[in-house]
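S.K.: Next input, structure requested:
(chains A and B)
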2 protein chains.
Amino acid sequence: MRLRMEAFIKSQQEKIVRELEKVDGKRFRIDKWDRPDGGGGISCVLQDGDVFEKAGVNTSIVYGTLPRAAIAKMRVNHKALDPDVESLEFFAAGLSLVLHPHNPNTPTVHLNYRYFETANADGSSNAWWYGGGTDLTPSYLFDEDVIHFHKAIKVACDAHDRSYYPRFKKWCDDYFYVKHRGEGRGVGGIFFDDLDESEKDQEQLFAFVQDCLEAFLPSYLPIVMRRKDMTFGEKEKMWQQVRRGRYVEFNLVHDRGTSFGLSTPGARVESILMSLPLTARWEYMHEADRGSREERLVNVLKKPVEWV
Amino acid sequence: MRLRMEAFIKSQQEKIVRELEKVDGKRFRIDKWDRPDGGGGISCVLQDGDVFEKAGVNTSIVYGTLPRAAIAKMRVNHKALDPDVESLEFFAAGLSLVLHPHNPNTPTVHLNYRYFETANADGSSNAWWYGGGTDLTPSYLFDEDVIHFHKAIKVACDAHDRSYYPRFKKWCDDYFYVKHRGEGRGVGGIFFDDLDESEKDQEQLFAFVQDCLEAFLPSYLPIVMRRKDMTFGEKEKMWQQVRRGRYVEFNLVHDRGTSFGLSTPGARVESILMSLPLTARWEYMHEADRGSREERLVNVLKKPVEWV
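M.R.: Numbers count the residues shown, from 1 in each chain, chains lettered A, B, ... in the order given. Model prediction:
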């Protein structure tokens, strides 16, 4: 499974980068890197493009020994891990992407799918699981875009288990919640973690993750094509910048993936933090005008909507 | 002590705001707020000023019951707290300020001095302590500015204990360390926490904190006056924005004060996050040119300097 997951995410990375370059017109910068303690990755980043302010599509295959602090963070997601071991061998393969478009009418999107294995010190298998999801973060709300995005994900989920979309949609709303602001990061999508043999067998879960990842381009690109050339003004750009500030707050304060990455020894910080927007803004006591489009977004973020 | 500390920080807040308004030319917005669970504060923020992009000078007097999660965070600083209690009565009075100037040649400065008391459920006193410090974060390094700042603090420290400046300077370098970047947030200053009766008696420590706070304006304003009108270009502004991104990373990922604030029930998020700059930037793989002024700053941040 390690090799199959690796081959799958790398081929998807190539395809996604190719399609995004067609849309943007500019090329991604591609960095291959080795992790001193085992593994490495490929980071593809497009900055200051014509459509995307910053777009990152990364794969990483990381293995080695997890220290106690990282095990503690991982245990939050994977309850079966023994909390008393001093260290653990692990393998992780994943694809992560975050796209921040220039146009405030085009939403930011995030996606991550990953496969984990842990082994005991003697090499015997300890556990395996899949995690991941995808979610949309607009600065301005176009219901048809959000519905299109959720529908595309739901189709991929329904083909495997009718319970997946409602379960993982709720999990997404709960996870991407900016607690100190009392609002969601965006309008959701799906999120799941710790899917192991207690859920379905490994082949079935791999097929599910494959379908989810392959659903990405059709779920998002039509939205970009509709919105990327819409006109906007200074006011809309400012609001986008304020919303980007909230995105940074979630990622640095609450996101367990970022926190886990930054605490993994030998982690490549530039690849982890490629999720941050190129620019962000924090205005003291910034509030949306009553009855405005900005206020409507905030109201939706305060109370998750069933989009499909 | 509660009332004396409160009166002192409020008078200092007024004085600092008055002097900063003289320098900037624009006025602070003043918000008085009540905390539903006990206490309140005064937030003074100047945004888009002539000299300061964003300047916040806040006082808060907060009391009530600390939940277990907040006690756990507080225990990191104050070891004597009983970890097994479910909740604790507390009182905290403090002044915090963060000033982000427009001109990339003018450093950002942060200051915070606070007094804490805890009490048992029956009202009997549990513990008291002082904490605080001040530190400078330049985008461009002018040695004379950093030396001036450190000297002013050292004079205030030396009047109370010759061991304070070297101890608290090192504590500051250790605390304001952006671990995932392997660099300091800035060029330091002083930081201390948990100064209680095992250090000196309450009157002596109060006098020390008073002198530190009164040393602020003379430690910083001369630097602003020297730098605020220096010419700069697009390149310097970009570099400042990238450095502001690092400031955000420290505050949201590592700063225990921010983390404690955001986890305190009923906290005023806008006052806590006034420390974030108005604007920030994250460029993928941004590196300073060899031999440049930008590179010199980064080298100094990687290895703390004895400035006086």
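S.K.: by contact count, what packs against the worst-scoring helix or strand of chain A on mean pLDDT?
M.R.: Ranking every helix and strand in chain A by mean pLDDT, DSSP states H and E puts helix A:68-75 at the bottom, with a mean of 73. If contacts are counted by 3 or more CB pairs under 8 Å, 6 or more residues apart in numbering or on different chains; DSSP states H and E, helix A:68-75 sits against strand A:87-101, helix A:256-263. (Glycine included, C-beta is placed from N, CA and C.)
S.K.: So for chain B, which of the ones you listed sits nearest?
M.R.: helix A:256-263 (4.4 Å; CB to the nearest CB).
S.K.: in what helix or strand does A:F191 lie?
M.R.: Using DSSP states H and E, A:F191 sits in strand A:188-195.
S.K.: now A:I30
M.R.: Per DSSP H and E: strand A:29-34 holds A:I30.
S.K.: Now tell me what touches that strand from outside.
M.R.: A:17, A:40-47, A:268, A:271, B:284-285 (CB atoms under 8 Å, 6 or more residues apart in numbering or on different chains).
S.K.: just stretch A:102-109 next, same as before
M.R.: Contacts of stretch A:102-109 (CB under 8 Å, 6+ apart): A:49-53, A:97-101, A:134-140, A:142, A:145, A:186-187, A:220, A:223-224, A:227-230, A:232, A:236-237, A:239-240, A:244, A:247, A:277.
S.K.: got it, and stretch A:58-70?
M.R.: Counting by CB under 8 Å, 6+ apart, A:6, A:9-10, A:13, A:35, A:37-44, A:74, A:85-97, A:118, A:260, A:263-266, A:268, A:271, A:274 sit against stretch A:58-70.
S.K.: And stretch A:222-241, by the same measure?
M.R.: With CB under 8 Å, 6+ apart, stretch A:222-241 has contacts from A:23, A:51, A:101-107, A:139-140, A:142, A:145, A:148-149, A:279-281, A:288, A:294, B:279.
S.K.: wait, isn't A:F206 in contact with A:L3?
M.R.: No: in this structure A:F206 lies outside contact range of A:L3 using CB atoms under 8 Å: 12.0 Å.
S.K.: With neighbour numbers in mind, choose between those two.
M.R.: A:F206 (17 against 9; other CB atoms under 10 Å in any protein chain shown).
S.K.: List the contacts of the more buried one.
M.R.: Contacts of A:F206 (CB under 8 Å, 6+ apart): A:1, A:4-5, A:115, A:130.
S.K.: Which members of the contacts of stretch A:222-241 are classed as buried?
M.R.: A:23, A:51, A:101-107, A:139-140, A:142, A:145, A:148-149, A:279-281, A:294, B:279 (16 or more other CB atoms under 10 Å in any protein chain shown).
S.K.: Tell me which entries of the residues you listed lie within strands.
M.R.: Those of those mapping onto strands are A:101, A:279-281, B:279, per DSSP state E.
S.K.: Identify, from these, the entry nearest to A:E214.
M.R.: Using CB to CB, A:P101 is the member of those that lies nearest A:E214, at 21.9 Å.
S.K.: Contact partners for that closest one?
M.R.: A:51-53, A:107-108, A:224, A:227-228.
S.K.: thinking again about what came up before, okay, now the sheet partners of the strand holding A:I30, with direction.
M.R.: strand A:39-47 (antiparallel) (DSSP bridges).
S.K.: which parts of the strand it pairs with are buried?
M.R.: A:39, A:41-47.
S.K.: of these, closest to chain B?
M.R.: The closest of the buried residues of strand A:39-47, once distances to chain B are taken by CB to the nearest CB, is A:V45, at 4.5 Å.
S.K.: Can you name the residues of chain A sitting close to chain B?
M.R.: A:29, A:31, A:45, A:47, A:54, A:56, A:179-181, A:241, A:245, A:248-249, A:252-253, A:259, A:262, A:267, A:269-270, A:273-274, A:276-285 (CB under 8 Å from any CB of the partner chain).
S.K.: Drop anything exposed from these.
M.R.: A:31, A:45, A:47, A:54, A:56, A:180-181, A:241, A:245, A:248-249, A:252-253, A:259, A:262, A:267, A:270, A:273-274, A:276-284.
S.K.: where does chain A dip in pLDDT?
M.R.: Within chain A, the stretches with pLDDT under 70 are A:76-77, A:79-80, A:82-84.
S.K.: List the buried residues of the least confident helix or strand of chain A.
M.R.: A:70-71, A:73-74.
S.K.: Residue of the stretch 51-200 of chain A nearest chain B, please.
M.R.: Closest point on the stretch 51-200 of chain A to chain B, by CB to the nearest CB, is A:H180, at 4.4 Å.
S.K.: my guess is A:K151 is in a strand, correct?
M.R.: No: applying DSSP: H, G, I helix; E, B strand; the rest coil, one finds A:K151 to be helix, outside a strand.
S.K.: what about the spatially closest residue to it that is not a sequence neighbour, which SS state?
M.R.: For A:K151, ignoring the flanking residues on the chain, the nearest one in space by CB to CB, 6 or more residues apart in numbering or on different chains is A:V308 at 5.2 Å. Classification of A:V308 using three-state DSSP returns coil.
S.K.: A:V308 against A:I147, yeah?
M.R.: Yes: counting by CB under 8 Å, A:V308 touches A:I147, with 6.2 Å between them.
S.K.: rewinding a little: using a markdown table, lay out the contacts of A:F206 together with neighbour count and distance to A:I61.
M.R.: Listed next are these as a markdown table, based on neighbours: other CB atoms under 10 Å in any protein chain shown; distance: CB to CB, whole Å:
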| residue | neighbour count | distance to A:I61 |
| --- | --- | --- |
| A:M1 | 15 | 12 |
| A:R4 | 13 | 12 |
| A:M5 | 24 | 9 |
| A:Y115 | 26 | 10 |
| A:Y130 | 24 | 15 |
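S.K.: with these in mind, which one is nearest to A:A215?
M.R.: Among the contacts of A:F206, and counting by CB to CB, the member closest to A:A215 is A:Y130, at 15.4 Å.
S.K.: Could you say which helix or strand holds that closest one?
M.R.: Using DSSP H and E, A:Y130 maps to strand A:125-137.
S.K.: And for A:V248?
M.R.: Counting by DSSP H and E, A:V248 is part of helix A:234-249.
S.K.: Only the buried residues of that helix, if you could.
M.R.: A:236, A:238-249.
S.K.: what's the burial count for A:E86?
M.R.: By the criterion of other CB under 10 Å, A:E86 has 10 neighbours.
S.K.: Surely A:Y130 touches A:L205?
M.R.: Yes: counting by CB under 8 Å, A:L205 is a contact partner of A:Y130 at 5.1 Å.
S.K.: Grab the nearest non-local neighbour of A:V62.
M.R.: A:V62 sits nearest to A:G39 (CB to CB, 6+ apart), 4.1 Å away.
S.K.: what's the spacing between the one you found and B:L88?
M.R.: Using CB to CB, to the nearest Å, A:G39 is found at 45 Å from B:L88.
S.K.: And for A:V62?
M.R.: Here the criterion is CB to CB. By it, A:V62 lies 41 Å from B:L88.
S.K.: Could you do A:V109 as well?
M.R.: 44 Å.
S.K.: These two: who's more crowded?
M.R.: Using other CB under 10 Å, the more surrounded residue of A:V109 and B:L88 is A:V109, with 24 against 21.
S.K.: Wasn't that one part of a helix?
M.R.: No: counting by three-state DSSP, A:V109 falls outside a helix, being strand.
S.K.: Check the gap between it and B:F216 for me.
M.R.: Distance from A:V109 to B:F216, by CB to CB: 45 Å.
S.K.: same for the host helix or strand of A:V300, what does it pack against?
M.R.: Element membership of A:V300 [criterion: DSSP H and E] is helix A:293-302. On a contact count with 3+ CB pairs under 8 Å, 6+ apart, helix A:293-302 meets strand A:183-184.
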